[in-house]
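Q: sequence first, then the predicted structure, then my questions.
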Amino acid sequence: MNSKKPKPSRRKRNDPALDTRREYSKPPTEPPRALSAFLEWQERLRGATDLRVAGQRAAEALVDARLTCFSGALLFVREEARALLRGLGAAISDGTPERRELQAFAARVELPLERKSRHALTSGLEAGEKGLIVAGAAAQELRQALEPALLGERFWILPIAHGERPQGVAVLGTSGRCPPNRQSADVARGLLSQLGLRIALEAGRARRELLDTGRTVVGETIQRGLNVASLGELLKTVTRGSARACSASRAFIWTWNATEEQLQRVAETTLQGDESSAEAAEAADALARLCLERRSVLRLPDLRAERSLGLTGLLHAVPAIVAPLVAFGETLGVVAVLGCSVGRGEGPRSAFGEAEEEFLGLLAGHAAMAIQTSRLYERRRAAERRLAETQETLLQHEKLAALGELSGRLAQEIRNPLVAMGGFARRIEHDLDPDDPQRENAALIAAEARRLEELLEQQIEMAQAAAPRMALHQLNELVQECVGQLRDEIVTRGALFEETYSDRLPDLLLDRQRMRQVIVNVLRNALGYISEGDTIRVETYRQRDRALLEVAHSGEKPGGELIEEVFAPFETRQPSGSGLGLALAHQIVKEHGGEISVRSEGEWSAVFTIAIPIWSNRERRKLRDRRRGRDRRKRS
């Protein structure tokens, strides 16, 4: 069977499919005029000096008749810190005189984003690539809200986004069908995507600037904390740095006094502020207390919302961030920054975002550590000063102890011949006739020798004080014995005497003889200052776990410096005094675990107070055991 191969079909020479001239001479799908206009606007967007200029150029591109069919465009940028949409740019297609009015409207318009004020623009942020068509009654409502911003019967709302998160929203008006043709939609998406990239880049640049400034401020704070000469300089550095880094109008810092439970404002920096922020600054102390109560960083978009601050009458919103200063679990204070209620762009911020909140929290942590370091440094310096003073005092005490030991030995050496001299003078006085003129001289020698003997005895007693012999005694009985011993002298001077004894005093652990000496010395000191008509007051009473004895007189008032030094050895204004009586009394009271002090009060020229501890039975046994052990060591 013969099979013939089919011959390939030949097309005619004039077949249109083979006409290459026709194929390549067809016009392009997009007109070159639209393409050149799109590239031109892209170039102008890239060359915009700031975000507002870029927004205005994007709005003008969206109403360019060569590219789109939109009759008007209004662009908003999202400000998360203030929870609102702020006008970024506006344009209309026919170039009517309303253009300037429209741009002014875009510069001042702000629409809230709270749930309670939800509107079509809020929904447009979440509409995605397809956008949101607004027509009919909704379009009429939006047109009234944005008057005189847009011309058109219908609106197409597109998010301004680069990536997943929208940075703003665009409202595009049209008098024709909505959504518009494909070319207008593609051009709008391309321009808004480029604008979203610019917004994201501006936000990133602002965040980098904040981080750079923040690193500088934190570094300065740490450096100041390590090398600070005073705590005040460190606190000023913190306020200046926080205000500069957060672009705040005002910054404050408080320190917390845990003992008195009070906040004290210690540093403040003012860069710029209006009337509202000045009023808010007056209520800043309440803001700091609010932060301490909540113990966390607070970012407040509007201080008027916190009714406890009492700022509901402010004309404008004032934002604030407050952070506690905490180091090692200890609250040291609070730092706060206030924004400015007017103006945008350059200068103080009208709102604070998460970046500023994060930075202030970080700065507060470093500042707290620096403050704690500074305080520890100051405490160390104070401790070093006290140590140096203690060492100097100890050295002086060692010198005085050596001098006291030497004077004690010298007093013992002098006493023996002095006693002999006094004895011979008294014998001569006794042997001479009463009419002999030398008898008076011998009496004078005997009296002076006796006075010197008493002075030497007191000095020896101070230098070689024996351990007290403690037993239970009634303080009231001791005081009455001493008063009875000196009563005749008091009456002779013509002075009044007042006595008050408490019946609430228990038996006290005392060395009877030495405590008698204390009371007598204090009473004799009072006798040295009184004259006829003056009063001496003696009173005993109980104060918690102490028994107190007060001896006061209304006589001559000692000088201010003297009253502070009455217990120093050899300090006296009395011509016949040795200057050792009160010093010895001070030493004996200290050996009893008590205190003796002097003050001037009202009509009383001097009030001596002797405080003796009231020992419990257990404490008495411990004291007795310690004394027995000390005595055994001495015997060994």
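A: Yep, that arrived. Numbering: from 1, shown residues only.
Q: drop to CA atoms for contacts and neighbour counts, all remaining ones
A: Will do.
Q: and the strands in the stretch 401-550 of the chain?
A: 471-473, 496-500, 508-510, 535-543, 546-553 (DSSP state E, counting those that start in this stretch).
Q: output the longest helix belonging to this structure.
A: Identified as the longest helix of the chain according to DSSP state H is helix 354-431.
Q: for that one, give the mean pLDDT please.
A: Throughout helix 354-431, pLDDT has a mean value of 80.
Q: with stretch 189-203 instead?
A: The model assigns stretch 189-203 a mean pLDDT of 82.
Q: just the residues contacting that stretch, thanks.
A: Applying C-alpha atoms under 8 Å, 6 or more residues apart in numbering, the contact partners of stretch 189-203 are 42, 45, 51, 54-55, 58, 61-62, 129, 159-162, 166-168, 170.
Q: read off the pLDDT value for Glu461.
A: For Glu461, the model assigns a pLDDT of 65.
Q: got the contact list for the residue most central in space within the chain?
A: Nearest residue to the geometric centre of the chain (C-alpha atoms, centre = their mean): Thr255, 1.6 Å. Shown in contact with Thr255 (C-alpha under 8 Å, 6+ apart): 263-266, 332-334.
Q: who does it bridge with?
A: Under DSSP bridges, the beta-bridge partners of Thr255 are Gln264, Gly333.
Q: so what's the backbone phi/psi at Thr49?
A: Phi and psi for Thr49, reported as degrees, to the nearest 10, are phi -80, psi -30.
Q: now do the contacts for it.
A: Neighbour list for Thr49: empty [criterion: C-alpha under 8 Å, 6+ apart].
Q: heads up, I number from 402, so please use that
A: All right, first residue 402 from here; so that's Thr450.
Q: what separation is there between it and Leu475?
A: For Thr450, the distance to Leu475 equals 20 Å [C-alpha to C-alpha, to the nearest Å].
Q: try Thr469
A: For Thr469, the distance to Leu475 - C-alpha to C-alpha - is 15 Å.
Q: look at those two and report which has more neighbours.
A: Leu475 (29 against 22; other C-alpha atoms under 10 Å).
Q: reduced to three states, what does that one come out as?
A: Secondary structure assignment for Leu475 (DSSP: H, G, I helix; E, B strand; the rest coil): strand.
Q: how about the nearest residue to Leu950, chain neighbours excluded?
A: Excluding the flanking residues, the one nearest Leu950 by C-alpha to C-alpha, 6 or more residues apart in numbering is Thr941, at 4.5 Å.
Q: I'd like the distance between the one you found and Ala491.
A: Taking C-alpha to C-alpha, one finds Thr941 at 92 Å from Ala491.
Q: which one of those two has more residues nearby?
A: Ala491 (32 against 22).
Q: what about Arg925, neighbour count?
A: Going by other C-alpha under 10 Å, the residues that sit close to Arg925 add up to 17.
Q: other residues contacting stretch 466-475?
A: For stretch 466-475, the external contacting residues (C-alpha under 8 Å, 6+ apart) are 434-435, 438-439, 460-465, 488-495, 507, 550-553, 571-576, 581, 584-586, 588-589.
Q: start to end distance for that stretch?
A: End-to-end distance of stretch 466-475 (C-alpha to C-alpha): 16 Å.
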